[in-house]
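K.L.:
attaching a predicted model along with its sequence, questions to come.
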Amino acid sequence: MRDMPDTSTQTATQEPDLVRADGSPLRVLVVDDEANIAELLKMALRYEGWMVTVAHTGNEALTKVREVQPDVVVLDWMLPDLPGPDVLKRMRAEAEDVPVLFLTARDAVEDRIAGLTVGGDDYVTKPFSLEEVVARLRALVRRAGARRSDARSVLTVGDLVLDEDSREVTRDGTEIRLTATEFELLRFLMRNPRRVLSKAQILDRVWNYDFGGQVNVVELYISYLRKKVDAGRRPMIHTMRGAGYVLRPAG
């Protein structure tokens, strides 16, 4: 099995959102035959608010490029059917200007040069940090013309409002004071309204992938959040037994 990403440098800090010119979410195609790596990338990029499509082979990637018309592609160098550089050459016929970030276990200078020579726009070696991949993709799509959106700086679910810039939270106009961790947990829930999030997903996003898998800390902070967000009001944070937690408008 190939090297897994290095996730020890994850942080909860986020830059302003990037969107397409029409204001819709950016579309990312992740191509990697390692399902676990693809899933980690998918989770991290979805948290950015981007639409993520996954392909596990070169031929599947070429089909997805035509279907999805991605704004940026994460492409593994070694795929089971076609080498990444060959996939890129064929991809350029469908999407000439789409930025491509290569993922590879090769870290020699000549390999880096080869990746850029065949048309790749950037290059990350395994094991990598998810934070680095996200940062490099942001740089690529900014250069390609994606714009910042201020719309997502304020998240609203029902009467609950979270301002990502000022870090202020209110419910029905009443201020709610949160710790830094409580804020990040609520932000993750509000970025995924009506979606059931498992304890593992919450741990991965809020406490970083190297936290140690102590799912009881999620239960503890959910209880803290409920006391502040739901106290004396109709509940918004719900437990889905055996599945995780979901935040939805009270009603």
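P.N.:
Nice, I can see it.

K.L.:
only C-alpha atoms for contact and neighbour calcs from this point on.
P.N.:
Fine.

K.L.:
would you point out which residue is most central in this protein?
P.N.:
The centroid of the chain falls nearest to Leu45 when counting by CA atoms, centre = their mean (2.0 Å).

K.L.:
is it true that it lies in a helix?
P.N.:
Yes: with DSSP: H, G, I helix; E, B strand; the rest coil as the criterion, Leu45 is part of a helix.

K.L.:
what residues are up against it?
P.N.:
Applying CA atoms under 8 Å, 6 or more residues apart in numbering, we find Leu45 in contact with Met51, Val52, Val134.

K.L.:
I'd like the list of those residues that fall within strands, please.
P.N.:
Met51, Val52 (DSSP state E).

K.L.:
neighbour count and distance to Trp77 added to the contacts of Leu45, as TSV?
P.N.:
Shown next, in TSV, are the contacts of Leu45 (neighbours: other CA atoms under 10 Å; distance: CA to CA, whole Å):
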residue	neighbour count	distance to Trp77
Met51	18	22
Val52	20	19
Val134	15	18
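
K.L.:
put together JSON lines for the contacts of Leu45, with pLDDT and distance to Arg177 on each row.
P.N.:
Formatted as JSON lines, the contacts of Leu45 follow (pLDDT from 0 to 100; distance: CA to CA, whole Å):
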{"residue": "Met51", "pLDDT": "91", "distance to Arg177": "31"}
{"residue": "Val52", "pLDDT": "95", "distance to Arg177": "33"}
{"residue": "Val134", "pLDDT": "90", "distance to Arg177": "30"}
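
K.L.:
after the helix or strand of the chain with the lowest mean pLDDT, which helix or strand is next? Please name it.
P.N.:
Sorted by mean pLDDT, DSSP states H and E, the helices and strands of the chain end with strand 147-149, the least confident at a mean of 52. Later in the chain than strand 147-149, the nearest helix or strand by DSSP states H and E is strand 154-157.

K.L.:
low-confidence regions, this structure specifically.
P.N.:
Residue ranges of the chain with pLDDT under 70: 1-17, 21-23, 106-118, 145-152, 208-215.

K.L.:
which residues of it fall in strands?
P.N.:
Under DSSP E, the chain gives strands at 17-19, 27-31, 51-55, 72-76, 100-104, 122-125, 147-149, 154-157, 160-163, 168-171, 174-176, 237-240, 244-247.

K.L.:
so which of those gets nearest Arg205?
P.N.:
strand 244-247 (14.0 Å; CA to CA).

K.L.:
dump the contacts of Leu45 to TSV, plus distance to Asp230.
P.N.:
As requested, the contacts of Leu45 are arranged in TSV below (distance: CA to CA, whole Å):
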residue	distance to Asp230
Met51	30
Val52	32
Val134	33
